[in-house]
Every structure is written in C-alpha cells, then in structure tokens.
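Engineer: Sequence first, predicted model second:
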Amino acid sequence: MTLRAVVAGVGHYLPARVVPNSEFERTLDTSDEWIRSRSGIERRHIAAPGETTSGMATQAALAALRDAGLGPDDVDAIVLATSTADLTFPSAATMVQAELGMTRGFAFDVQAVCAGFIYALTNANALIVSGQANRVLVIGAETFSRIMDWSDRSTCVLFGDGAGALVLEAAQGTGTNADRGVLSTDLNSDGRHREILYVDGGVSTQTTGHLRMEGKEVFRHAVEKLAATATTALTKVGLTGQDVDWVVPHQANIRIIQGTAKKLGLPMDRVVVTVQDHGNTSAASIPLALSVGQERGQIKPGDLVVTEAIGGGLAWGAVVLRW
Ligand code: UT7
C-alpha cells in the first residue's frame, strides 16, 4: 500500500471587476488586436480597492471545502502560494486560517512566483505522504494588479488577480500510476536568470516595486523548460504525453501553451485554457484553471492531469496527478 494525496475538492474566486483589452486603448499605445494576437488574453479580473490576497484566498478555500463537503477544522494544514501577500508578515496562509475560523493545524506561504502552485502542491503532497497531515488546503492567490507599472504596456496588459484552491486528502493507493492523487513532481530553479523577470522593490529597499520583464527572453525559456519538466515528471512514473487526458498549464500566453503542448505531442483539445478570461494570475493560474476545468466538465475523476508552470527566479516545475 502507498499513501497518496488525492484531490477531494476544488474551488476558485475571481474579483467582480472585469477589464477588457479595449480599456487599455484609452491610456496606452496598445490595441485589443495586439494583446489578443501576442498573448491570447481578452480580459482579466482586477481586485477592488481594499480587496486582498488573503481575502480572495479565503473565498477560494471556502469553495474548495464546499466541493469536498468538509469544514475548516477537517483540514490539518494550509499551504498558500503567493508573491503578493497582504503584509510582510504574518503569512497570508495564517490570515486565511483565521478567516476560515480554523482553530488547529498549521499554515505557511510558499513563494515561487508563477511556479508557486506547483511548489505548494509538491510541499502539500510531501506533508501527506510523510504522515504530517491528512488533509491540506493548497491555495494559489495573487493581487498582481498592485505590482503593475500601469504605464508599461509590455507588462500591465498581461496580468490579472484571482485565487484557486484544492483540498488534498490522504488515501491508500496501490503504488501504481493507476492510483488517484499526486503521482510525481519535478521542481527546478535557476537564479542566474533573475534579471529577465523580477520586481524592482521589496522590504529591504522599503518600496513595493513594480514587475519588470523581458518578455521575449522569458518566452524563450518557457516552452523548452515546461516541456522538459512535464516530460521528466511523466517519465518518473512510466508515462508519456500519450497517457495524458488534460494538460493544465500556467496561463501566461496562449503561444507558450500551444508550443508546450506541441512539444509534448498533445492536441489543444486536451489542454485546459483560461488565459483569455483571466490573463496571467501567477500562482493562482493553475488552481483557477483546475477549478474552471472541472466546472466546464473537462476534468473528470480518474483523468490523468499534468500541470506545469514557470516564472520569476527562474523557477519551474510540473506535477502529474490522477484526478
Ligand atoms: O508568468 C511568468 C512568465 N511570463 C511569461 O510567460 C511571459 C512570456 N512572454 C510573453 O508572453 C511575450 O513575450 C509577450 C506577450 C510579453 C510579448 O510578445 P512578443 O511577441 O515577445 O513581443 P515583443 O516583446 O517582441 O514585442 C514586439 C513589439 C515591440 O515593439 P518593437 O520593439 O518591435 O517596435 C514592443 O514594444 O511589440 C511592442 N509591444 C506592444 N505593442 C502594443 C509590447 N507591448 C505592447 C503592447 N501593445 N501592449
């Protein structure tokens, strides 16, 4: 028998305000046509003044708990991926813990930018298979609108806000790749690439800073590294692209998503795509896509799912799981 971390529930939250591409035409030298054709993005949700990462994360967590038929005290831990926590400390995860009314267990944040949810899922899986926790809420939540330079057309049109959450629960498996739950994970980072995607501020500089990106360079790394990490994660458990029911990629750019699917030998009708509606929501993008994918009836119990993401660091990775 092998202990597995199985998905018991999924949910998401998006701020009410939807900003279509056309809104940027009023303030920037850009066009709906440019944004759509270069990124696939048509609209994004933007948090209201006063709306926070922990607030959105709490809403997503409540939706995931509802989907699992569980209450907050049924959960042993919260692992929250974000680069845009409300405060320097405490962690957004402990703020969610309090908001949910959870009176036991433990909570912490994970910071790996757009790859954050992959890192969080990997950590949550490790907590479960090591026996430290039976149930873990894994959340990705971001308010990237707060770190945008709204005068920089090369970045501000690409990002959005939102949150998504999974409940993972311990279950006995047989130890084969037919088991439900997380089957394999693959994490990577290379700090030498800091300059191509970073925020030019932080606590020790006493500024919040703005996101800076050399899009073309990030793009170049993305397709190659995402296909490689997904292949590595699949190979670890004796699987190939042909076995995959759904790729749920980080939603940064439709051209990266298409390029990666092609490298994996998968047609686009096996890829969950939400980038047109959400833009790039960093660590929230994969749990948002998992939740929307289940809602649309795309991802069903028993399906083999591969998720992959890359972002600032560079940090990247993939998780293979059976839904
Ligand atoms: O989640 C973290 C990971 N991030 C990513 O995965 C993002 C990766 N990169 C990308 O998605 C793409 O590189 C972008 C969407 C950011 C840009 O697409 P591109 O095809 O690489 O365009 P580019 O950067 O080469 O820019 C082409 C032109 C430039 O003008 P010149 O120098 O050719 O005259 C830009 O100044 O497009 C210009 N441009 C714009 N034009 C209209 C840049 N942003 C805009 C804009 N509207 N918003």
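Structural biologist: The structure has been received and is ready for your questions.

Engineer: helices or strands next to whichever strand or helix holds Leu226 in the packing?
Structural biologist: Following DSSP states H and E, one finds Leu226 within helix 215-236. Contacts defined by 3 or more C-beta pairs under 8 Å, 6 or more residues apart in numbering; DSSP states H and E place helix 215-236 against strand 181-189, helix 254-263, strand 304-311, strand 315-322. The C-beta positions use only the backbone N, C-alpha and C, and glycine is treated the same way.

Engineer: and of these, who's closest to Arg36?
Structural biologist: helix 254-263 (8.9 Å; C-beta to C-beta).

Engineer: Share the number of residues neighbouring Asp152, please.
Structural biologist: Neighbourhood size, Asp152 [other C-beta atoms under 10 Å]: 14.

Engineer: Export the helices and strands packed on helix 215-236 as CSV, with columns for mean pLDDT.
Structural biologist: Shown next, in CSV, are the helices and strands packed on helix 215-236 (pLDDT from 0 to 100):
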stretch, mean pLDDT
strand 181-189, 98
helix 254-263, 97
strand 304-311, 98
strand 315-322, 98
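
Engineer: possible to save the ones you listed as TSV with distance to the ligand and mean neighbour count?
Structural biologist: Output for these, formatted as TSV (distance: least, C-beta to the nearest ligand atom, whole Å; neighbours: other C-beta atoms under 10 Å):
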stretch	distance to the ligand	mean neighbour count
strand 181-189	14	21
helix 254-263	5	19
strand 304-311	4	26
strand 315-322	9	26
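
Engineer: Quick one: those as a markdown table, columns for distance to Val18 too.
Structural biologist: Compiled in a markdown table, these are given as follows (distance: least, C-beta to C-beta, whole Å):
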| stretch | distance to Val18 |
| --- | --- |
| strand 181-189 | 33 |
| helix 254-263 | 18 |
| strand 304-311 | 24 |
| strand 315-322 | 29 |
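
Engineer: mind checking which of those is nearest Gly209?
Structural biologist: strand 304-311 (15.8 Å).

Engineer: Okay, angle between that closest one and helix 215-236 too, please.
Structural biologist: 150 degrees (axes from the mean of the first three to the mean of the last three C-alpha atoms, to 10 degrees).

Engineer: on contacts alone, who are the packing partners of strand 304-311?
Structural biologist: Against strand 304-311 (3+ C-beta pairs under 8 Å, 6+ apart) you get helix 116-129, helix 215-236, strand 246-249, helix 285-295, strand 315-322.

Engineer: For the residue of the chain found nearest the ligand, give me the pLDDT.
Structural biologist: Here the residue of the chain nearest the ligand is Gly215; by C-beta to the nearest ligand atom that distance is 2.6 Å. Gly215 is assigned a predicted lDDT (pLDDT) of 96.

Engineer: Equivalent analysis for Val248, please.
Structural biologist: pLDDT, read off for Val248, is 98.

Engineer: Can you get me a residue count around it?
Structural biologist: Count around Val248 with other C-beta under 10 Å applied: 27.

Engineer: Check the one 4 residues further on too.
Structural biologist: The criterion is other C-beta under 10 Å. On that basis, Ala252 has 28 neighbouring residues.

Engineer: isn't it right next to Val273, touching?
Structural biologist: No: counting by C-beta atoms under 8 Å, Ala252 does not reach Val273; the two are 11.6 Å apart.
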